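A.B. asks: what would the 3D arrangement of this be:
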Amino acid sequence: MAFVSEATNLLGAGIDNNGIEDVFIHDTADGTTERFDVGSGGAEGDAVAPFSNQFPTISPDGTFVAFQSASTNIVPVDFNGSADIFMVGITPLTALNSPPTADAGLEQTVTEGDFVTLDASASSDPDDDVLDFTWKQVSPATPVVALDLSDPEMPTFTAPDVTDQTDFVFQVSVSDGINPPVTSNTTVHVLPSLAEITGIVTDENGDPVENAVVKVLRNSDNAAATEFTTDFTGTFDITDVHAGDNTITVSAPGFEASIVDLPGVDPAGGVIDVGEIQLAGMTAELDGSVFLSNGAPLVAGTVELLGNNGKVVLDAQGNPLTGTTDSAGEYKIPNIDGVAVSQVATLRISAPSQGLIPWTVASPAIIPGEVSVLDFQYGSLQVSLTGSSAAVRRKLDGTAVELLFGNVVVARNIASGGVRTFTFPNVPAIPVRVRGTNNAARLTGQIVPVTVNPGSTPTTVKITMRPFGIF
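C.D. replies: Residues are numbered from 1 along each chain as shown. The predicted structure follows:
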């Protein structure tokens, strides 16, 4: 603050003795007052008339003061006999005052939920100025902690929940009100609080479920523990479950997923046994249709799901997994539970009363939780019989033309009356084998493999008969 005053006691006793008003600057920061209408050696201004010093003005940056003065000794050469305008440099207070030292305190390692105190008390000021403290979180961007600044020198906060170790960097800005603020950083390493849980996954019969995937997520932030896949014992042991309220999700092939609440996980409480988590079997349905080779629907045919033992598989209620084709040839097998799906080895279509060749399909595609559709149409097989020579061809009557599934004969025709072409209707549209035998005439034919096409257009094959021992 710049001003003109005739007071003689602003600088102390015996210092201001020139008897006129002088130009003063009062520093409101440190309370000091300094006179500026003086010569370079510190001599008082020599003006004698009233109003010799007027109009003091401080520059915007506070480094100079300008004023009008009639004194002639402020500069070495001043002989114009008139009042002049002078500009005198001001020694800034910062040049007389040292900046403080900022110290944000030591690094800390804590666990989520811990009470944390930041400590800038080691900050200091060489001039013993009163210090102001301002804190901010530098990183991470989230989560942002809520600092309690009741004591700005030592603020506090509660370590937030984290999924993994998270380093929180805080910066303190220390100001003495005179110099530019100085800063210092400190880091708080926040570790997750982890617990161990164990349990067992079973099916509806209480049997262990293998290959069940167990997932645990904390409700507040979806912090995930390591996924665990059960072995044949069905047990699980997860060692990195986050503290707080969690949710367990268990899934396994052929089963409905199960969701279990796991509230209030406290790592201090030791290993948590969540007990048995039971999975309900995921049911499937098998639908489809069966048509004969001529396109007509198979009516009152039986469709069965068989196990490796050749017996019909039962559902969870003990009912056989079979279906009967209706007037449109359609069938439906519902309520195929997950256990049953795993037991199914083959599907078999049969109609014994209609003389239909049974059709067996290995590993039918049945998907748990879905409606699977399997359609079937029988085909027609036309076999031509001939001989390797004219003599053989004359002996073909009595030759048996046979269809084999594996080594089992499923259909047979006998050559007679010169008939040498045979049609087998309603043959399963799968690979079969055809052979000719005539032991009485001592003739044999090679076994011919053929894949039967579905529909009414016959799949054709020729068998050539030869005398025994000639191929």
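A.B. asks: strands along the stretch 51-200 of the chain, start to end?
C.D. replies: Assigned by DSSP state E, counting those that start in this stretch, the stretch 51-200 of the chain shows strands spanning 53-58, 64-69, 84-89, 108-111, 115-117, 132-139, 156-158, 166-175, 182-191, 194-202.
A.B. asks: the domain parsing of this structure - what is it?
C.D. replies: Domain ranges of the chain: 2-96, 108-191, 194-278, 284-376, 379-467, per automatic domain parsing.
A.B. asks: gap between the third one and the chain center?
C.D. replies: The chain centroid and the centroid of domain 194-278 are separated by 17 Å, computed with Cα atoms, centre = their mean, to the nearest Å.
A.B. asks: okay, and the helix or strand of this protein with the least pLDDT?
C.D. replies: helix 93-96 (a mean of 56; mean pLDDT, DSSP states H and E).
A.B. asks: on that earlier part again, among the strands of the stretch 51-200 of the chain, which is nearest Phe422?
C.D. replies: Phe422 lies closest, by Cβ to Cβ, to one member of those: strand 194-202, at 56.9 Å. All C-beta spots, glycine's among them, are computed from the backbone N, C-alpha and C.
A.B. asks: about what we covered before: so which of the strands of the stretch 51-200 of the chain gets nearest Ile259?
C.D. replies: strand 194-202 (13.1 Å).
A.B. asks: can you list contacts of the closest one?
C.D. replies: 208-209, 212, 214, 216, 230, 233-243, 250, 252, 262, 265-267, 269-279 (Cβ atoms under 8 Å, 6 or more residues apart in numbering).
A.B. asks: got a quick PyMOL command for the buried subset of these?
C.D. replies: Listed next is the PyMOL selection for buried residues among the contacts of strand 194-202, using 16 or more other Cβ atoms under 10 Å:
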select buried, resi 208+209+212+214+216+230+234+236+238+241+242+243+250+252+262+265+267+272+274+277+278+279
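A.B. asks: which of the contacts of strand 194-202 fall within strands?
C.D. replies: Mapping the contacts of strand 194-202 onto strands (DSSP state E) picks out 214, 216, 235-242, 250, 262, 265, 272-278.
A.B. asks: per-residue confidence at the residue nearest to Asn319 when sequence neighbours are not counted?
C.D. replies: Setting aside the residues directly before and after it, Asn319 is nearest to Asn335 in space (Cβ to Cβ, 6 or more residues apart in numbering), at 7.5 Å. pLDDT recorded at Asn335 is 90.
A.B. asks: centre of the chain to the helix or strand harbouring Asn335, how far?
C.D. replies: Following DSSP states H and E, one finds Asn335 within strand 330-336. Remark: strand 330-336 is offset 38 Å from the chain centroid, using Cα atoms, centre = their mean.
A.B. asks: pull out the buried residues from whichever helix or strand comes after that strand.
C.D. replies: Reading on from strand 330-336 to the C-terminus, the next helix or strand found by DSSP H and E is helix 338-343. Across helix 338-343, burial judged by 16+ other Cβ under 10 Å covers Gly338, Val339, Ala340, Val341, Gln343.
A.B. asks: so what's Val313 up against?
C.D. replies: Leu305, Leu306, Gly307, Pro320, Leu321, Ala340, Gln343, Val344.
A.B. asks: let me see the confidence value for it.
C.D. replies: At Val313, pLDDT is 96.
A.B. asks: could you do Glu6 as well?
C.D. replies: 84.
A.B. asks: likewise for the one 5 residues further on?
C.D. replies: pLDDT recorded at Leu11 is 81.
A.B. asks: what sits against it?
C.D. replies: Thr33, Arg35.
A.B. asks: please name the nearest non-neighbouring residue to Thr166.
C.D. replies: In space, Thr166 is closest to Val190, 5.0 Å off (Cβ to Cβ, 6+ apart).
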